[in-house]
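Peer 1: Pasting the sequence and the predicted model now:
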Amino acid sequence: MGLNYYQIKKNILRARKLVIKATNTAGSGHPGGSFSMAEILGCLFYKYLKFDPKNPQWEDRDRLVLSKGHAAPGLFSNMAVAGYFPESELETLRKFGSKLQGHPDLKCPGVEFCGGSLGTGLSYSVGIALAGKIDSKDYHVYTIIGDGESDEGQVWEAAMTAGKYNVDNLTVFLDRNFIQQDSYTEKIMPLDKKLETDNLSEMWKDASRWKTGDKWRSFGWNVIEIDGHRVEQIDAAIAKANATKGVPTIIISRTIKGKAVEHMEDNPAWHGKAPDSDVVPIINMELDSQFMIAPSIIAGDMSNLENEVKRCVTGRSDYIHLDVMDGQFVPNKTFDHTKIKELRPLTVIPFDSHLMINEPLKHVRDYIDAGSDIITVHAEVTDESSFGEIHDLLKQNQVGVGFAINPDTELPEWFYKFIPSLDQLIVMSVVPGKSGQKYIEETHSKMARLNAILKEHDFSGYIEADGGVNLENIGSVFADGARAFVGGGAIIGQQDVRAAIREFRTEVLSSRRELLLDKANELGGIELVNKWIGLHVVGEKQEQIKKIAQERGYL
Amino acid sequence: MNEPVMTDMRSEYSKTLVQLGKENPNIVVLGADTTDSLKTSSFGKEFPNRFFNVGIAEANLVTTSAGLAVSGKIPFASTYAIFLPGRAVDQIRNNVAYPSPPGKKGLNVKFVVSHGGLSVGPDGGSHQQIEDIGIMRVIPNLRVFIPADTIAVSQLTSLMANEYGPFYMRMARSKTPLIHSDSQKFETGKAITLRDGSDCTIAACGITVRMALEAAESLQQEGISCRVLDMFSIKPIDGETLEKAARETGCIVTAEEHNVVGGMGSAVAESVSESYPVPIKRIGAQDMFGESARDKEIPLLLEKHGITSFNMVKQVKEVRSKKL
């Protein structure tokens, strides 16, 4: 069973947009803490939680307790996406007569805990877990606590109780975003180590500063530490937690408050503030512009692909792109599913298997079983019937559905009906078959044509640019609409993969900033451009964006 | 009056819990390192997997109970009065009284405490909870009981187990005299008229009920007919019985081992002032704290705060003189 990566991602995006809409309509609320836990909720709602929106009181359901109740918009948005109530109901958030109260409330069927007064959700969860044990139920309790609320002594009272009673049917996420209402947690009440400066990035520089895990371990808990925005890490952590017997588990998830909206990220001001209406369309565009970097390991040492995978892990790539070539569809031959199966245990980073092979329908099962998270097949070797079968098989196995077109292939018309459920479209910008080729410039105009077709057919997946993408052209490829980028020589070919990926990200980020400034200008002229720039107050962002605005002639 | 039979509330509570536990597998009991004193440990011996001692952690006691209750259990959470309402009021409010599943009011948690009021004695003012009624009765959905004897304890414990919703019941530390007959019925929100009378009403609760009966007896000698009400249900308060008492006796004295600010007397005054205003005199701690007193000195401590049958007699006479 695959990760269901793209479906989870798409739902997370939908939920984030609803948070913006809801808090904007309400005129208040807490987007920052809703966004830091967005991926955690995404993994829970769309992969692990057993629930029935039609029967919210189903007694065998898993329980989700949001102890950091102020992040209610995040919970409600996911409940809407999950089908508890229509998404339009988010517009009633915090309004008189609404079941969507300022903080989660049992008034809303499906909500398990009235949050708000901080530090109490863990005790409550222990109570639910104990009840499950008494009744020999196999439901699981998932609880999200905040780092700010960990100042409360009751959190640690509950931690002791959970340890004493061995409630292994309880898994806690610590949304470790380092920010509480007044300022950074490590300034107000350190959980790791007191922060002497005003620079939050200090906390990220050296993992030896992180002591929170030790605290929980000393309370007898199973402790897992992850990047709380990585779907695959969250997924693996939950799987591990569920398999751990005899002790409760805490997943310490290091996150970024306001994640996915640059001006909210790491900014304590966005703990409890709603975005203004005039910037909402720009924020939505920013949310739509999340991107992923996928190194292609065949650009490295083919005789030691294990090491290339490890370099991707160190480099913190979003996927690992696996170019499968059979020597028939393309002249070269690389590896097949047996190799992928060997590589799979090395990392949880999603495997993006790009099948450049003939008769993909015959082989796709092997690639699912090998542990692929996304599988892409080529237009040139599929037709409506074979792709239909592949599509259904992948969906059933929670594997992302990808479709690829060569530089001289147009999107076939028979394919249009699959566009709404397509997860990934690979637009080849070199002739496939070997690495190290130059980006074909005609791809830019092809992307414009494709965008029109995709939009018309409700595409909600990612366009992946594959072939000749490098630091010089990645910005324009992003501007064309690509949101995932395969990097061969430009990443794997480099000595320092991590630095190369970071540079890729910086370039895309810069291109995205241009896009958003253009949007601001289009919507509200120079006034909105200035307002947008003014929102970016953390670190050097404002200066950097100002510079881009100057280059584009806005200032 | 006859020499009273003295019995122990905590033993009765514990005995009733074990009995209820046999009848209803959903009953669970939680304690906070006072389970031997509260005698709830006997429930733990009988039903080890339905008994949780969370240590000296009252906030955790309350919220863990809430989690059990929302999952269908009927938790009885017990410790000393001083450590529950004052210390964990936020958890009581936000985790138990406020959360209301569709069609219900609050979660199904029963708080039963011992060592209420001044009669705690030697432990001193720090341990004499004289604010709990005030704290608990202002919280919506929460019902508040003070039983006068072990028959009330047993009946009310059963009542709480069978009636949905959050309750707070405060017991006394020392043995208490038997007041009620075995057949006495208890109903939420219904005061018990222990003695009829036409000249004045004494409304009492807990340990002051016996004193009120004594005062009425002594007033009888002087030709004053005094009605005595056991106001064990402080919330909901029995407005009907109080209105009737006001109408028929024309004045009321209240007596409790609690601050007169916000206590049972306040609740009576609030009710009567809206239904049939008559002169009222409130006996209790006059907005001041208690202090240590050895067991045999507890009557002296109570006397210092005017909580005696003698003072009730005096206040009845005074309040009668103010009759409208």
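Peer 2: Structure's in. What do you need? Numbers count the residues shown, from 1 in each chain, chains lettered A, B, ... in the order given.
Peer 1: which residues touch the residue nearest to B:Ala204 when sequence neighbours are not counted?
Peer 2: Nearest non-adjacent residue to B:Ala204, counting by CB to CB, 6 or more residues apart in numbering or on different chains: B:Ala212, 3.9 Å away. Every C-beta, even on glycine, is put in place using the N, C-alpha and C of the backbone. Contact analysis of B:Ala212 by CB atoms under 8 Å, 6 or more residues apart in numbering or on different chains lists B:Leu194, B:Ile202, B:Ala203, B:Ala204, B:Val228, B:Ala255, B:Ser309, B:Met312.
Peer 1: Three-state assignment for B:Ala212, please.
Peer 2: Three-state call for B:Ala212 (DSSP: H, G, I helix; E, B strand; the rest coil): helix.
Peer 1: B:Ile179 too?
Peer 2: Per three-state DSSP, the secondary structure class of B:Ile179 is coil.
Peer 1: Quick check: it touching B:Ile192?
Peer 2: No - with contact defined as CB atoms under 8 Å, B:Ile179 and B:Ile192 do not form a contacting pair (9.0 Å).
Peer 1: Compare those two (neighbour count), which wins?
Peer 2: Neighbour count, other CB atoms under 10 Å in any protein chain shown: between B:Ile179 and B:Ile192, B:Ile179 has more, with 24 against 21.
Peer 1: Pull the number of nearby residues for the nearest residue to that one once chain neighbours are set aside.
Peer 2: Residue nearest to B:Ile179 in three dimensions, not counting chain neighbours: B:Asp149, with 4.4 Å by CB to CB, 6+ apart. A total of 28 residues lie near B:Asp149 under the criterion other CB under 10 Å.
Peer 1: Using CSV, write out every CA atom in the strand or helix carrying B:Val62.
Peer 2: Using DSSP states H and E, B:Val62 sits in helix B:58-70. Extracted in CSV, the C-alpha atoms of helix B:58-70 (Å, rounded to 0.1, in the frame of the first residue of the first chain):
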residue,chain,number,x,y,z
GLU,B,58,-6.2,17.2,41.0
ALA,B,59,-6.4,19.0,37.6
ASN,B,60,-5.5,15.7,36.0
LEU,B,61,-8.0,13.9,38.2
VAL,B,62,-10.8,16.0,36.9
THR,B,63,-9.9,15.9,33.2
THR,B,64,-9.1,12.2,33.1
SER,B,65,-12.6,11.7,34.5
ALA,B,66,-14.0,13.8,31.7
GLY,B,67,-12.3,11.6,29.1
LEU,B,68,-13.7,8.5,30.7
ALA,B,69,-17.1,10.1,30.9
VAL,B,70,-17.2,11.1,27.3
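Peer 1: right, and the helix or strand after that helix?
Peer 2: Following helix B:58-70 in sequence, per DSSP H and E, is strand B:74-80.
Peer 1: chain center to that next one, what's the gap?
Peer 2: Relative to its parent chain, strand B:74-80 has a centroid offset of 15 Å by CA atoms, centre = their mean, to the nearest Å.
Peer 1: what are the pairing partners of it, and which direction each?
Peer 2: Applying DSSP bridges to the sheet, strand B:74-80 is found paired with strand B:27-31 (parallel), strand B:110-114 (parallel).
Peer 1: Report the rounded mean pLDDT for the last one.
Peer 2: Spelled out, that is strand B:110-114. Average pLDDT, strand B:110-114: 98.
Peer 1: So what touches that strand?
Peer 2: Residues from elsewhere that reach strand B:110-114 (CB under 8 Å, 6+ apart): B:9-10, B:13, B:37-38, B:62, B:74-81, B:84-85, B:92, B:129, B:132, B:157, B:160-161, B:166-173.
Peer 1: Understood, closing this out.
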